[in-house]
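> starting from these lines, generate the structure:
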Amino acid sequence: MGALNECNMLDTKVEKRAIPAVEQNGAPNERNVLDAKIPSGPIEQKWDRCRFDMKLVNPANRRKHKILIVGSGLAGAAAAATLGEQGYQVHCFSFHDTPRRAHSIAAQGGINAAKNYRNDGDSIYRLFLDTVKGGDFRAREGNSYRLAQVSVHIIDQCVAQGVPFARDYGGLLETRSFGGVQVERTFYARGQTGQQLLLGAYQALEQQIAAGAVTMHPRTEMLDLVAIDGVARGIVARDLRTGAVRSHVGDVVLLCTGGYSNVFYLSTNAKASNCTAIWRAHRRGALFGNPCFTQIHPTCIPQSGEYQSKLVLMSESLRNDGRIWVPKKKEDTRRRANDIPESERDYYLERRYPSFGNLVPRDVASRNAKEVCDEGRGVGPGGHGVYLDFREAIGRLGLDNVREKYGNLFEIYERITGDNAYDVPMRIYPAPHYTMGGLWVDYHLMTTIPGLFAGGEANFSDQGANRLGASALMQGLSDGYFILPATVPNYLARAKLERVDTSHAAFREAEAEVRRRTQALLKSDGRRTVDSVHRELGRLMWDNCGMARSEESLRRALGKIPELREEFHKTVRVLGTEEELNQSLEKAGRVADFLELAELMCTDALHRTESCGGHFRVESQTPEGEAKRDDANFCYVAAWEWKGADRAPALHKEPLTFEHILLAQRSYK
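Alright, predicted model coming up:
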């Protein structure tokens, strides 16, 4: 029973003691040790035993509890629908006009699950192994195994909802492979998997809205978290149509608001994607885990000009049949691709990684693309591109087969570039895509603020230093459909919550703080646009904290970010007023938060002198140019505490232990 009791230890608040600021060299002097409350016992039984010992809430009492869910993407919509069906009062907030516009809709390639329909050696344990290895051994074993374990139920759930997964000629569910694995476990709906999964979650959510269990708050943006006596009890949000600022009280707050790749300005994320909800929670006391762990996706359409405001993803599924290459000779980069004979092409991933070829993990593929472009062998404008060629696949499978599998992706590519990828190779280049960092959560997905949970990409928990392709949808739906609907009721059953309303002083103070920040942005009578500052921040982060990082580049960024932040608050011009629809004001608030988060990302990257996954320190690499970990000094989660605008953040550590998978240098050769 020891493991079961351990599972219920929900108090994850960090011991409050003085922590010296980060030293000049970026190394913390002292830190607290975090306990993730992962239950002991066989890894195969941890989650089931933990669930069995959780306290339940009587159905008659569920309607007395109000749950606030911020975000209506896969994690948020799934959690809202499931908790609403259980009988709780659920209020779901989204800055979109409909949950169907959540950025989850943009996911293309697929969702992983250890079903082993191919009978090709897959299993829950192999998915667990691939996830931990793909994350370069910087993920928790307990969380990663649970993710693999729950994956098999996600597919059943979605098929029951009517999600139109691809099927073979006999009507069975079809699968394909993604990077970093040697089995075919990725279920897909052509290149629209995220859209179809979101529609499944959306219809479940709409059913609960119609039943009166869920109240939807569209076009509403969370601007602050309200904690009373250290416990999350509500949020302050702004109605984006009228500008009205209102407080909302609840017994639990769930943040399912996605990642923060737009800190780079140019990314594959929707332009509205931001860090505001998780950053305001961080400022209220929630620790931020591994903020420097960001993912650069290797297959994106290259930037075409300085005017561009976002980048477009080409699904990783294309690497199943497409072959990546560059010319062997620098002087051939200006030749037409089809004029370069086979003998003069360098299929560099197949050459360097014969076991995995073009399906190496994203961080490996991205670094190799950068390397060949830095050598002067990149193609296209500025030499920032490599070829993704389907000539061999069309010859092997036939044009109709390739069109059936990837047709909509080829159409997207042609609409943007004007090139027909059936006739000429695609040009691709890495771009910011996903963030493995996020709010630190324990095994129950609760942050260091009791009553505040984080799901999906908003938390740091499952992917380590690099996410494998098709695992984002898996985590979002795992958290939303299965994990949070078990852990949130357990918290409610055990918490002793006093009845409060929005007249409480904590709500009044939070509202006043929101209005103060808003008025400060509107009073700045400068001449710079918000976008110009955001673009400058993005270039600064991409150049210094992007695919390759060094002590010199990170110190340079840490010197310039505070200057840019000060300039932003002095010289930015925000038009309009606060009491109206004002998208300029919306963007200004989000960029103000990015300017603070960017500094924490660089601080985290500077302190972590090892390379691991997507975090590549040029000082720490193997002779072959691969990421070189330092397990003796950095085998932990770095969780940062906000200490104030004028003080350095404090570092807390969660040690990572590996009992089931041997710590080893990753190899995909």
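> so what's the closest residue to Trp542 other than its chain neighbours up against?
Among residues not flanking Trp542 along the chain, Phe264 sits closest, at 5.3 Å (C-beta to C-beta, 6 or more residues apart in numbering). Any C-beta I mention is one placed from the backbone N, CA and C, and that applies to glycine too. By C-beta atoms under 8 Å, 6 or more residues apart in numbering, the contact set of Phe264 is 294, 432, 538, 541-542, 546.
> mind redoing it with 6 Å?
Phe264 is in contact with 432, 538, 541-542, counting by C-beta atoms under 6 Å, 6 or more residues apart in numbering.
> give the buried subset of those residues as a ChimeraX selection command.
ChimeraX command restricting those to the buried ones, with burial defined by 16 or more other C-beta atoms under 10 Å:
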select :432,538,541,542
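> pull up the distance across stretch 514-532, start to finish.
Across stretch 514-532, the terminal residues are separated by 24 Å (C-alpha to C-alpha, to the nearest Å).
> what does it rub up against?
Stretch 514-532 is contacted by residues 223-224, 236, 245, 571-574, 578, 587-588, 591 when judged by C-beta under 6 Å, 6+ apart.
> before we move on, the earlier item: how close does the residue nearest to Trp542 sit to Cys275?
12 Å (C-beta to C-beta, to the nearest Å).
> chain center to stretch 97-111: distance?
Offset of stretch 97-111 from its chain centre (C-alpha atoms, centre = their mean, to the nearest Å): 13 Å.
> quick one: average confidence on it?
The predicted model gives stretch 97-111 an average pLDDT of 95.
> got the contact list for that stretch?
72-74, 77, 186-188, 191, 193-195, 198, 202, 218-219, 258, 270, 273, 315-317, 470, 473-474.
> and the buried ones among these, selectable in PyMOL?
Buried residues within the contacts of stretch 97-111, by 16+ other C-beta under 10 Å, are selected in PyMOL with:
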select buried, resi 72+73+74+77+186+187+188+191+193+194+195+198+202+218+219+258+270+273+315+316+317+470+473+474
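> can you give me the strands in the stretch 501-650 of the chain?
Taking DSSP state E, counting those that start in this stretch as the criterion, the stretch 501-650 of the chain contains strands spanning 636-641, 650-655.
> tell me the secondary structure for the nearest residue to Ala277 once chain neighbours are set aside?
Among residues not flanking Ala277 along the chain, Thr257 sits closest, at 4.3 Å (C-beta to C-beta, 6+ apart). Here Thr257 is recorded as coil under DSSP: H, G, I helix; E, B strand; the rest coil.
> and the pLDDT at Thr257?
98.
> ok, now Arg31?
pLDDT, read off for Arg31, is 59.
> i'd like the first residue to be 53 from this point on
All set: I'll call the first residue 53, so the last point we hit is now Arg83.
> for ChimeraX, what selects the buried ones among the contacts of stretch 566-584?
Filtering those down to the buried ones (16+ other C-beta under 10 Å) takes a single ChimeraX command:
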select :275,276,288,297,624,625,626,630,639,640,643
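> dump the contacts of stretch 566-584 to CSV, plus distance to Asp174 and pLDDT.
Shown next, in CSV, are those (distance: C-beta to C-beta, whole Å; pLDDT from 0 to 100):
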residue, distance to Asp174, pLDDT
Leu275, 44, 98
Asp276, 44, 98
Val288, 46, 98
Val297, 50, 98
Thr623, 55, 96
Val624, 51, 97
Arg625, 55, 96
Val626, 52, 96
Glu630, 53, 95
Lys639, 44, 98
Ala640, 48, 98
Val643, 43, 98
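> ok, the contacts of stretch 566-584 vs Val438, which is closest?
Val643 (31.7 Å; C-beta to C-beta).
> deepest of the strands of the stretch 553-702 of the chain, which one?
strand 688-693 (a mean of 24; mean count of other C-beta atoms under 10 Å).
> which residues are in contact with it?
With C-beta under 6 Å, 6+ apart, strand 688-693 has contacts from 86, 339-342, 492, 652, 656, 701-702, 704-708.
> from the residues you listed, which shows the smallest pLDDT?
Leu86 (93).
> now do the contacts for that one.
Leu86 touches 691, 704, 706, counting by C-beta under 6 Å, 6+ apart.
> how many residues are close by the nearest residue to His349 once chain neighbours are set aside?
Excluding the flanking residues, the one nearest His349 by C-beta to C-beta, 6+ apart is His485, at 3.5 Å. For His485, the neighbour count with other C-beta atoms under 10 Å is 26.
> what does Glu563 give?
Count around Glu563 with other C-beta under 10 Å applied: 18.
> my read: it touches Val288, true?
Yes: Glu563 lies in contact with Val288 (C-beta atoms under 6 Å); the separation is 5.4 Å.
> show me the helices in the stretch 553-702 of the chain, by range?
All helices of the stretch 553-702 of the chain, identified by DSSP state H, counting those that start in this stretch, fall at 557-575, 582-597, 603-623, 635-659, 683-686.
> comparing those helices, which comes out most buried?
Taking mean count of other C-beta under 10 Å, helix 635-659 is the most buried of the helices of the stretch 553-702 of the chain, at a mean of 22.
> helices or strands up against that one?
Packing contacts for helix 635-659, counted by 3 or more C-beta pairs under 6 Å, 6 or more residues apart in numbering; DSSP states H and E, involve helix 328-335, helix 582-597, helix 603-623.
> before we move on, the earlier item: just flag the most distant two among the contacts of stretch 566-584.
Val288 and Thr623, at 27.5 Å, using C-beta to C-beta across the contacts of stretch 566-584.
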